[in-house]
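Chemist: Need coordinates for the below:
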Amino acid sequence: MSSTVTRTRLAVAAATASIVVLAGCSSSGSSDKASASSCAPTKGKVTLQYWNTVPGMDKVVALWNKQHPDIQVETKNISNDQYGTLGNALKAGKAPDLAQVGYDELPNLRTQNAFVDASACKAATAARSKFVPWTWSQTSFGGTGVFAMPQDTGPMALFVRSDIFKKHHVAIPTTWDEYAAAAQRLHKADPGLTITFFDPNNAEWFNGLLWQNDAKMYGYSADKWQVTVESDQSRQVAGYWQKLISGKLVRTDLANGSTQMYAAYQKDQIASYVGAAWGYSMFRDNLPKQAGKWTIVPMPTWGSDGASGDWGGSTVAFMKGSKHLYESVEFNTWLNTDPEALAMENELGGLYPAANAGLQLPALKKGVPYYNNEKIFDIFADSSKKIDTSFAWGPTQKTVNLALQDAMAKATAGDGTLTDALAAAQSAALKSMKDQAIPATAGK
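Modeler: A predicted model of the protein is given here:
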């Protein structure tokens, strides 16, 4: 993610059992299979359309075009209204061949019959081994096809102003209990200082916190979705942050990536940031004078297993209506596995690659000057290995996220609690599925 374009990278993953059912609860299963009956190369020169939100992607595409004169790609940046633009194009029957889609939007768009299954192409199925396993599970809907290629992920970690912690003689926390204790000590030492901020309008970030605590939001059994947004594990996370908010130990008036957020960090008013791999460039590019003051450590844990969470990540999906499936697979595979392409995407767009080859990029093996030449990507690589692969997204996740954000905003304003927000999100999930005739019930 680029700090120049502050966009919340949508979060990852859906469990195998959960995703398989999508073919049954919508019309997508038969039609996307039918669309993929052929993977024959097109005779003559081909031009593909690829829509995305990644800064610098035009330069990556230019490299491909230079190397592949018979398969040219035209790219369009849709970061201003990603899903609105895609939705309108789908309705008009003018979708691009390929489009960037967040992992948590994949189930929703599949119920709208937005994708074509590329599994008829041997190159598509062969690409499975090229990616971090849990990301492939999401783009293949648990092995039912190949609907997208993983592009990047957002393994989470803790960004720390080590100089502030050192100044107040507070140890860098390794557990959430230690984090809460550190919050109290820092605020007591300096009433104008908080350990971090809580953005109530960022459901994707909060979902990453739930993910870490094994708070599975959805499951599937007995021919129904089991909605468990309001689980005991979710309530533990909500209760924890509610205490920090009620004790005024975290700020709630800042939006992630906003000018106000950077100003607060610039003024030494906030001592840490719970973020994802793509966020490393945010502070580097927006707070250059704080070089050498930041370090990145593993995310505080709930228990001894060291589980982590994921916030963000996207795929490049094969969109319905494409007449050039073979060529789309060729470009999509190159885009997300070629070392030169991956290096450019990391440098220009801040992407943390989902491809195994990407994790071996020289740039991800070196120390990062801004962070005291520490090998910060080792932290993210370790975090990625500790992400629960069975975490699932529901088919109406956008509606659920909006309901969660609305209720969290009310809670931070003193109207209700974060636990109440979970209940509101649970209700929204059940209602939205009922409205779409998707079998669902409240799970345990």
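
Chemist: Scan this protein for its longest helix.
Modeler: helix 418-435 (DSSP state H).

Chemist: Report the rounded mean pLDDT for the next helix or strand after that one.
Modeler: Sequence order places strand 440-442 as the next helix or strand after helix 418-435, per DSSP states H and E. On average, the pLDDT along strand 440-442 is 95.

Chemist: Strand 440-442: which residues count as buried?
Modeler: residue 440 (16 or more other Cβ atoms under 10 Å). For the C-beta atoms, the positions are set from N, CA and C on the backbone; glycine is no exception.

Chemist: Parallel or antiparallel, list what pairs with that strand.
Modeler: When sheet partners are counted by DSSP bridges, strand 440-442 sits next to strand 224-227 (parallel).

Chemist: Now name the helix or strand holding residue 205.
Modeler: Using DSSP H and E, residue 205 sits within helix 203-212.

Chemist: Can you spell out which helices and strands pack onto that helix?
Modeler: In terms of contacts (3 or more Cβ pairs under 8 Å, 6 or more residues apart in numbering; DSSP states H and E), helix 203-212 is packed against strand 148-161, helix 232-246, strand 272-276, strand 310-318, helix 397-412.

Chemist: Comparing those, which stretch has the densest surroundings?
Modeler: strand 310-318 (a mean of 29; mean count of other Cβ atoms under 10 Å).

Chemist: Next secondary structure after it?
Modeler: Counting by DSSP H and E, the next helix or strand C-terminal to strand 310-318 is helix 325-337.

Chemist: Go ahead and measure how far that next one is from the middle of the chain.
Modeler: 22 Å (Cα atoms, centre = their mean, to the nearest Å).

Chemist: Low-confidence regions, the stretch 1-150 of the chain specifically.
Modeler: Within the stretch 1-150 of the chain, the segments meeting pLDDT under 70 span 1-37.

Chemist: Over to the stretch 201-350 of the chain?
Modeler: Using pLDDT under 70, nothing in the stretch 201-350 of the chain is flagged.

Chemist: buried residues in the longest helix of the chain?
Modeler: Going by neighbour count (16+ other Cβ under 10 Å), the buried part of helix 418-435 is 418-430, 432-433.

Chemist: Now flag whichever of those residues is closest to residue 84.
Modeler: Using Cβ to Cβ, residue 432 is the member of the buried residues of helix 418-435 that sits closest to residue 84, with 18.3 Å.

Chemist: pLDDT at that closest one, what is it?
Modeler: So residue 432 comes in at 95 (pLDDT).

Chemist: out of the helices and strands packed on helix 203-212, nearest to residue 208?
Modeler: Checking these against residue 208 by Cβ to Cβ gives strand 310-318 as the closest, at 3.6 Å.

Chemist: okay, the angle between the closest one and strand 148-161?
Modeler: Per axes from the mean of the first three to the mean of the last three Cα atoms, to 10 degrees, the angle that strand 310-318 makes with strand 148-161 is 160 degrees.

Chemist: How far off centre is strand 310-318?
Modeler: Chain-centre distance of strand 310-318: 6 Å, with Cα atoms, centre = their mean.

Chemist: just stretch 403-417 next, same as before
Modeler: Distance of stretch 403-417 from the chain centroid (Cα atoms, centre = their mean) equals 23 Å.

Chemist: Stretch 391-405 too?
Modeler: The chain centroid and the centroid of stretch 391-405 are separated by 13 Å under Cα atoms, centre = their mean.

Chemist: Could you work out the end-to-end span of it for me?
Modeler: 20 Å (Cα to Cα, to the nearest Å).

Chemist: now the angle from the longest helix of the chain to helix 232-246?
Modeler: Counting by the same axes, to 10 degrees, helix 418-435 lies at 130 degrees to helix 232-246.

Chemist: please renumber so the chain begins at 54
Modeler: Sure thing, new numbering starts at 54, so read that last one as helix 471-488.

Chemist: In PDB, could you pull the C-alpha coordinates for helix 471-488?
Modeler: Coordinates of each C-alpha in helix 471-488 appear next as PDB, following Å, rounded to 0.1, in the frame of the first residue of the first chain:
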ATOM      1  CA  LEU A 471     -18.000  -2.300  21.200                       C
ATOM      2  CA  THR A 472     -19.700  -5.400  22.400                       C
ATOM      3  CA  ASP A 473     -23.000  -3.900  21.300                       C
ATOM      4  CA  ALA A 474     -21.400  -3.200  17.900                       C
ATOM      5  CA  LEU A 475     -20.700  -6.900  17.500                       C
ATOM      6  CA  ALA A 476     -24.400  -7.600  18.100                       C
ATOM      7  CA  ALA A 477     -25.300  -5.000  15.500                       C
ATOM      8  CA  ALA A 478     -23.000  -6.600  13.000                       C
ATOM      9  CA  GLN A 479     -24.400 -10.100  13.800                       C
ATOM     10  CA  SER A 480     -27.900  -8.900  13.200                       C
ATOM     11  CA  ALA A 481     -26.900  -7.200   9.900                       C
ATOM     12  CA  ALA A 482     -25.200 -10.400   8.700                       C
ATOM     13  CA  LEU A 483     -28.300 -12.500   9.300                       C
ATOM     14  CA  LYS A 484     -30.700  -9.900   7.900                       C
ATOM     15  CA  SER A 485     -28.600  -9.300   4.700                       C
ATOM     16  CA  MET A 486     -28.400 -13.000   4.000                       C
ATOM     17  CA  LYS A 487     -32.100 -13.500   4.600                       C
ATOM     18  CA  ASP A 488     -32.800 -10.600   2.200                       C
END
